[in-house]
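1. attaching a predicted model along with its sequence, questions to come.
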Amino acid sequence: MRLQDKAVLITGATGMGAAAARLASAEGARVLVASLREEDCRALSAETGCAWHAGDLRDPATAAAAVALALERFGRLDGVFNVAGASGRAHGDGPVHECTGEGWEFTVAANLTPVFMVCRAALPHMVERRAGSILNMASVSAFSPEPAHFATHAYAAAKGAIIALTRAMAAYYAPHGIRVNALAPGLVRTPMSRRAQNDPELLRFMERKQPLSGGIMEPDEVARAAVFLLSDDARTITGQVLAVDAGWSVSLP
């Protein structure tokens, strides 16, 4: 099993975070999930046996507590998968000339700040051990924009910042034996994509935009890539952004 006896912290207890927790557990990992809603954490724990911590990961105290609990439960932390994030569309995210101040601030804080907070809490332990793998959740929208249906510029900016942070961290921490990579998914069937899932026109568009999956991807397809990058099979891979997008970035609208 790829993650046998690895201790992994995964942020997010629904969608891709939940899929990653299920697969990591099946691959032998000891998993702790950290997410905003206690009910989501409890449900995933009941299903997989994972440990959990609920709270707002934009808060440095929450991130520090999640890492501390993982260290208490497992004795070490081998991997972190930063999945937690949110759409800012309901808060006013959109094209720059229409994006509200609230939309910008909410979206950047919800997507970028938890990555920073969790990494900052986990890295002292990894530096001391001279080992660890960090995987951050970016998005294909950071480098392959789609203006007709996905003109949420604060979201794209936040995910682009995650890519920049990932590469900067990879360069700095490689001498410490720590790998840092990112995933850039296309459109995935998660609670955040319900708008798209209920829009017939958009579903037809996604059949063309993501031809390898024939439309919206399933969370498991991203989780499989995550398990690989967290595992020792990827021990020489760092500073990379892997697009798991079913052809989005190479397909015409």
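-> Alright, I've got the coordinates.
2. contacts and neighbour counts: CA atoms only from here.
-> OK.
3. surely Val108 touches Thr152?
-> No - applying Cα atoms under 8 Å, one finds Val108 not in contact with Thr152, separated by 11.5 Å.
4. if I look at the residue nearest to Ser35 when sequence neighbours are not counted, how far off is Ala70?
-> Leaving aside its sequence neighbours, Ser35 sits nearest to Gly12 (Cα to Cα, 6 or more residues apart in numbering; 4.7 Å). Going from Gly12 to Ala70 by Cα to Cα, to the nearest Å gives 15 Å.
5. got the contact list for the closest residue to Ser45 other than its chain neighbours?
-> Nearest non-adjacent residue to Ser45, counting by Cα to Cα, 6+ apart: Ala51, 6.3 Å away. Counting by Cα atoms under 8 Å, 6 or more residues apart in numbering, Ala51 touches Val31, Leu32, Val33, Ser45.
6. pLDDT at Ala51, what is it?
-> For Ala51, the pLDDT comes out at 98.
7. what are the phi and psi values at Val180?
-> phi -140, psi 120 (degrees, to the nearest 10).
8. could you give the number of residues near it?
-> Neighbourhood size, Val180 [other Cα atoms under 10 Å]: 28.
9. same deal with the one 4 residues further on?
-> Ala184 has 22 neighbours, counted by other Cα under 10 Å.
10. who's in contact with it?
-> Shown in contact with Ala184 (Cα under 8 Å, 6+ apart): Met137, Ala138, Ser139, Val140, Val241, Leu242, Ala243, Val244, Asp245.
11. for the fifth one, give the beta-bridge partners.
-> When you say that, I think you mean Val241. Going by DSSP bridges, Val241 is paired in beta bridges with Ala182.
12. residues in contact with it?
-> When contacts are counted by Cα under 8 Å, 6+ apart, Val241 touches Ile163, Asn181, Ala182, Leu183, Ala184.
13. mind checking how far it is from Val188?
-> As defined by Cα to Cα, Val241 lies at a distance of 17 Å from Val188.
14. measure the residue lying closest to Gly101 once chain neighbours are set aside to Arg235 for me?
-> In space, and not counting its chain neighbours, Gly101 is closest to Gly92: 7.7 Å by Cα to Cα, 6+ apart. Counting by Cα to Cα, the separation of Gly92 from Arg235 is 41 Å.
15. one more: Ser25?
-> 20 Å.
16. more crowded one of the two?
-> Shown here are Ser25 and Arg235; by other Cα under 10 Å, Ser25 has more neighbours (23 against 15).
17. mean confidence score for the helix or strand Ala158 falls within?
-> Using DSSP states H and E, the element containing Ala158 is helix 153-173. The pLDDT scores in helix 153-173 average 98.
18. do the same with stretch 131-141
-> For stretch 131-141, mean pLDDT is 98.
19. quick check: buried residues in that stretch?
-> Residues of stretch 131-141 classed as buried by neighbour count (16 or more other Cα atoms under 10 Å): Ala131, Gly132, Ser133, Ile134, Leu135, Asn136, Met137, Ala138, Ser139, Val140, Ser141.
20. so the first one touches Ala174, yeah?
-> No - applying Cα under 8 Å, one finds Ala131 not in contact with Ala174, separated by 9.4 Å.
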